[in-house]
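Colleague: Below is the structure, and that's it, no one-letter string:
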């Protein structure tokens, strides 16, 4: 059964360019993962907010994703680059 995630990442104003670059690299690498069904990144037009829409084949695939070097690198730098991160695990209703 698919796992759906929405992640909202609020950039610090001074780190938006660096964060955007890192997040775009995460998209390229994540889409190569076997369990990745969807991994889309959106950017708000009015503030420094990035939104991921993700779909994973299963929990095992998501767990493996969370251990990838590019995800761990993001986690290690998140406090420096972001003001806030919210991750929602959801179920598809329609």
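Modeller: Here it is on my side, so go on. The structure displayed is predicted, hence computed values, not measured ones.
Colleague: How about the secondary structure of the residue most central in space within the chain?
Modeller: Ranked by distance to the mean C-alpha position of the chain (C-alpha atoms, centre = their mean), the top residue is residue 52 at 5.0 Å. Put simply, residue 52 is strand when judged by DSSP: H, G, I helix; E, B strand; the rest coil.
Colleague: how about the nearest residue to it, chain neighbours excluded?
Modeller: Closest residue to residue 52 apart from its sequence neighbours, by C-beta to C-beta, 6 or more residues apart in numbering: residue 7 at 4.1 Å. C-betas here are computed from N, CA, C, even on glycine.
Colleague: and if you look at residue 68?
Modeller: Spatially, and ignoring its direct neighbours in sequence, residue 68 is nearest to residue 29 (6.8 Å; C-beta to C-beta, 6+ apart).
Colleague: Pretty sure residue 25 sits against residue 69.
Modeller: No: at 11.0 Å, residue 25 does not count as touching residue 69 under the criterion of C-beta atoms under 8 Å.
Colleague: Which residue of the two possesses the greater neighbour count?
Modeller: The residue with more neighbours, out of residue 25 and residue 69, is residue 25; 13 against 8, by other C-beta atoms under 10 Å.
Colleague: residue contacts, residue 25?
Modeller: For residue 25, the contact set (C-beta atoms under 8 Å, 6 or more residues apart in numbering) comprises residue 70.
Colleague: if I look at it, how far off is residue 2?
Modeller: Separation of residue 25 from residue 2 (C-beta to C-beta, to the nearest Å) stands at 24 Å.
Colleague: Same check on residue 73?
Modeller: 26 Å.
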